[in-house]
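Asks: for reference, the sequence and a predicted model appear below.
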Amino acid sequence: MPELIPNPRARRLFLDRHALSEPPAGPASGEALHDLIERIGFVQVDSINTVARAHEMILWSRRQSFRPPALKRLLERDRSLWEHWTHDASILPARLHGVWQHRFQRDEERLHKNWRRWFREGYEAQFDGILDRIARDGPVGTADVGEGEVRGKGGWWDWHPSKTALEWLWRTGRIAVTRRDGFAKIYDLTERVIPEVHRTPVPVEEVCDWACRTALRQLGFGTSGEIAAYWNAVGPEAAKLWCREALARGEIIEAEVEGAQGQRRRVFVLPEVLDELPPDPVPRLRILSPFDPALRDRDRAEFLFGFYYRIEVFVPEPKRVWGYYVFPVMESERLVGRIDVKAFRDTGALRVKAFWPEAGVKLTKVRRAKLEAELDRLARFAGCERVEFLDGWERETLARPRD
């Protein structure tokens, strides 16, 4: 019979790999910040700024001395990090560029197949002109190209041809993000952004093994589907084949992991992981980004923590259950609720609209004090002077909605 990983141990393994077990203290700049990002794998980038942008909040929840200029220095001056695509736009160690070159080739084939259906015609004719301009005049953003083009207002599918061309050239590795102005991407030639030492392609025959092995190490345990989805660098069938072959060689083993409700799931695990003694998470409370790496796989989070979460940004307001952008709340190894909070920097207030506890969770005196302390820290990080609790902010537990 496969060895069973009980739910408390599974949670601790997973949280330790995502740097959510220890206190969020210590240095958060330079080499220490780079090491943190290496540890958690990548940091998703998102534009929504109700309190702080996703990548900033992900790092703050782990190291509360973190401030955004420290990340900007690693990306734009030291060049030890770069920005590209995993399951979504993400910040990654620059050393992974050699692996991503195979993804550029794969994505070019996919983009050829789909973009001609999705976007307005004419973007392919812009490729050479944009590359020549960047080579001659330096970095550009979308505001710098496409003079005279009709600019759509309907969303990403309505990009003007030059914007589409820039995105294509970035997704296929011809250009790279050299900096962001505000949140707008500014692009330069890849060889001017990624240090030469990181631009050597990894042999193609090594990519699948790297992607699956490192994903399994980052996850602690996982199904072949979870392994494939982690970096999104190989497909599901390739991950299944790797798991079969690695299992036959004795490099990985099968186990069962227990879910929050006692259910069991067959997973793969590196043998040494079963001998690990993951630390008990500290008993503090944290407010997490909706795009936190520990939560981005919503089904896995629900299985491990019993926490159902779906972001409602794109849900029409009358149909929202919780709110536009609601933050998960973690205490020790449990997800204990979600909170609707927004920074109003013009008035210096971080306003709490609602807090919904999970089933069986009470807002006791001790837990309320933890929540208030965390909100005070979050307010300072968001550039606010105080926390304001709106009338009726304490809510009742809501049942999981039907999908």
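Replies: Perfect, I can see it now. Numbers count the residues shown, from 1 in each chain.
Asks: residue nearest the centroid of the protein?
Replies: Q44 (3.0 Å; Cα atoms, centre = their mean).
Asks: I'd say that residue and S90 touch.
Replies: Yes. Under the criterion of Cβ atoms under 8 Å, Q44 makes contact with S90 at 5.1 Å. All C-beta spots, glycine's among them, are computed from the backbone N, C-alpha and C.
Asks: grab the nearest non-local neighbour of the residue nearest to the centre of the chain.
Replies: F291 (4.4 Å; Cβ to Cβ, 6 or more residues apart in numbering).
Asks: so what pLDDT did that neighbour get?
Replies: You'll see F291 listed with a pLDDT of 96.
Asks: W157 now?
Replies: The per-residue pLDDT reported for W157 equals 52.
Asks: what about E251, neighbour count?
Replies: E251 has 16 neighbouring residues, counting by other Cβ atoms under 10 Å.
Asks: can you tell me the SS state at H34?
Replies: Under the three-state scheme (DSSP: H, G, I helix; E, B strand; the rest coil), H34 adopts helix.
Asks: what's the neighbour count on it?
Replies: 18.
Asks: ok, it - contacts?
Replies: H34 is in contact with L74, S80, L81, P93, counting by Cβ atoms under 8 Å, 6 or more residues apart in numbering.
Asks: swap in 7 Å and give it another go.
Replies: By Cβ atoms under 7 Å, 6 or more residues apart in numbering, the residues touching H34 are L74, S80, L81.
Asks: between the residues you listed, which has the most around it?
Replies: The residue in the contacts of H34 with the most neighbours, by other Cβ under 10 Å, is L81 (23 neighbours).
Asks: count the residues that sit near the nearest residue to A260 once chain neighbours are set aside.
Replies: Using Cβ to Cβ, 6+ apart and skipping residues adjacent in sequence, the residue nearest A260 is G306, 3.3 Å away. G306 is flanked by 17 other residues according to other Cβ under 10 Å.
Asks: which pLDDT does the model give G306?
Replies: Looking at G306, its pLDDT stands at 96.
Asks: now do the strands in the stretch 101-250 of the chain.
Replies: Assignment of strands within the stretch 101-250 of the chain using DSSP state E, counting those that start in this stretch yields the ranges 175-181, 184-189.
Asks: in the helix-or-strand element of the chain with minimal mean pLDDT, which residues are buried?
Replies: Taking mean pLDDT, DSSP states H and E as the measure, the chain has helix 97-118 as its least confident helix or strand, at a mean of 82. Applying a neighbour-count criterion of 16 or more other Cβ atoms under 10 Å, one finds H97, G98, V99, W100, Q101, H102, R103, F104, D107, L111 buried in helix 97-118.
Asks: ok, the nearest residue to the second one once chain neighbours are set aside to A184 distance?
Replies: Taking Cβ to Cβ, 6+ apart as the measure, G98 lies nearest to V202, with 4.4 Å between them; neighbours along the chain are not counted. As defined by Cβ to Cβ, to the nearest Å, V202 lies at a distance of 31 Å from A184.
Asks: who has more neighbours out of those two?
Replies: Using other Cβ under 10 Å as the criterion, V202 and A184 rank with V202 on top: 15 against 11.
Asks: thought the more buried one was touching V99?
Replies: Yes. Here V202 lies in contact with V99, judged by Cβ atoms under 7 Å, at a distance of 4.9 Å.
Asks: which neighbours do the two have in common?
Replies: By Cβ under 7 Å, 6+ apart, the residues touching both V202 and V99 are W210.
Asks: picking that back up, just flag the most distant two among the buried residues of helix 97-118.
Replies: Among the buried residues of helix 97-118, the pair separated by the greatest distance (Cβ to Cβ) is G98 and L111, at 21.1 Å.
Asks: from L15, how far off is P318?
Replies: 36 Å.
Asks: the more surrounded of those two?
Replies: Set side by side, P318 and L15 show more neighbours around L15, with 23 against 5, by other Cβ under 10 Å.
Asks: outline the domain layout of this protein.
Replies: As recorded under automatic domain parsing, the domains making up the chain are 119-194, 285-389.
Asks: which of the ones you listed sits closest to R39?
Replies: So among these, domain 285-389 is nearest, using Cβ to Cβ, at 10.2 Å.
Asks: from the chain's centroid, how far away is the closest one?
Replies: 17 Å (Cα atoms, centre = their mean, to the nearest Å).
Asks: and stretch 201-214, by the same measure?
Replies: Distance of stretch 201-214 from the chain centroid (Cα atoms, centre = their mean) equals 21 Å.
Asks: convert it to PDB, retaining C-alpha atoms only.
Replies: Output in PDB follows, covering the C-alpha atoms of stretch 201-214 (Å, rounded to 0.1, in the frame of the first residue of the first chain):
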ATOM      1  CA  PRO A 201      19.800  27.100 -24.200                       C
ATOM      2  CA  VAL A 202      19.300  24.000 -22.100                       C
ATOM      3  CA  PRO A 203      19.400  20.900 -24.300                       C
ATOM      4  CA  VAL A 204      15.900  20.000 -25.300                       C
ATOM      5  CA  GLU A 205      16.100  16.500 -24.000                       C
ATOM      6  CA  GLU A 206      16.700  17.900 -20.500                       C
ATOM      7  CA  VAL A 207      13.700  20.200 -20.400                       C
ATOM      8  CA  CYS A 208      11.000  17.700 -19.400                       C
ATOM      9  CA  ASP A 209      13.100  16.200 -16.700                       C
ATOM     10  CA  TRP A 210      14.000  19.600 -15.300                       C
ATOM     11  CA  ALA A 211      10.400  20.800 -15.400                       C
ATOM     12  CA  CYS A 212       8.900  17.800 -13.800                       C
ATOM     13  CA  ARG A 213      11.500  17.200 -11.200                       C
ATOM     14  CA  THR A 214      11.700  20.800 -10.000                       C
END
